[in-house]
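1. no sequence for this one, just the structure:
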């Protein structure tokens, strides 16, 4: 199953209809091909109505491939960095708590992007990638063009002593270390993708 966020709503891509007790959803859609799916997706996105959507197809890979073809896809990458205490590196950017991430540059791997973004946005060096974590998806409109942003996340560790700090750019006001047991301090003012990434970093299912 894939999970895609759009504003306050969630789109689930599934190869079987999930139990309503496991995933709260309001609408169900099935499709034959892109010509069938895209109008349904656009109607849902443009309706402005609250409610989660399940898109069902027996072949989950075909389902995701067809869904992606409905959008302009932007690839991004980010890092969930832990220090020696196991605390997570988070930043306050443009009024929301967030994690360091950015678009993948030409001739740059996703892993290289994640390392670079952490250094540029949190002003630390010497952090290292431990491995792939999860990929998150969210939808937005850019000049009336529907965009699917696909962000690959990597688990990282930082053993240095330098305190992270804001670079003074990109709307980043502050950067802090946050213990997992204090996640509730930011959960009311962050993005659902951030919560999923932090949970994944603790080995919990997003």
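-> Structure received. Just so it is clear, the model here is predicted, and its values are computed rather than measured.

2. centre-most residue in this structure?
-> Nearest to the geometric centre of the chain sits residue 136, at 3.4 Å (CA atoms, centre = their mean).

3. now it. Nearest residue, chain neighbours left out?
-> residue 193 (4.1 Å; CB to CB, 6 or more residues apart in numbering). Where C-beta positions appear, they are placed from N, C-alpha and C, glycine not excepted.

4. just say helix, strand or coil for that neighbour.
-> helix (DSSP: H, G, I helix; E, B strand; the rest coil).

5. OK, contacts around it?
-> Contact analysis of residue 193 by CB atoms under 8 Å, 6 or more residues apart in numbering lists 5, 136, 138, 151.

6. which ones among those are found in strands?
-> In strands, defined here by DSSP state E, the members of these are 5, 136, 138, 151.

7. what residues are bridge-paired with the second one?
-> On the basis of DSSP bridges, residue 136 is bridged to residue 151.

8. quick check: it touching residue 199?
-> No. Here residue 136 lies out of contact with residue 199, judged by CB atoms under 8 Å, at a distance of 11.4 Å.

9. what distance do you get for residue 145 to residue 71?
-> Noted for residue 145: a distance of 8 Å to residue 71, by CB to CB, to the nearest Å.

10. out of the two, which sits in the busier spot?
-> For residue 145 versus residue 71, neighbours defined as other CB atoms under 10 Å are more numerous around residue 71 (20 against 9).

11. and the next helix or strand past the helix or strand of the chain with the lowest mean pLDDT?
-> Least confident helix or strand of the chain, by mean pLDDT, DSSP states H and E, is strand 27-30 with a mean of 80. Later in the chain than strand 27-30, the nearest helix or strand by DSSP states H and E is helix 34-47.

12. give me the mean pLDDT for stretch 49-61.
-> Across stretch 49-61, pLDDT averages out at 89.

13. and the residue nearest to residue 90 when sequence neighbours are not counted, how far from residue 87?
-> Nearest residue to residue 90 in three dimensions, chain neighbours excluded: residue 178, at 4.9 Å (CB to CB, 6+ apart). Residue 178 is 6 Å from residue 87, where distance means CB to CB.
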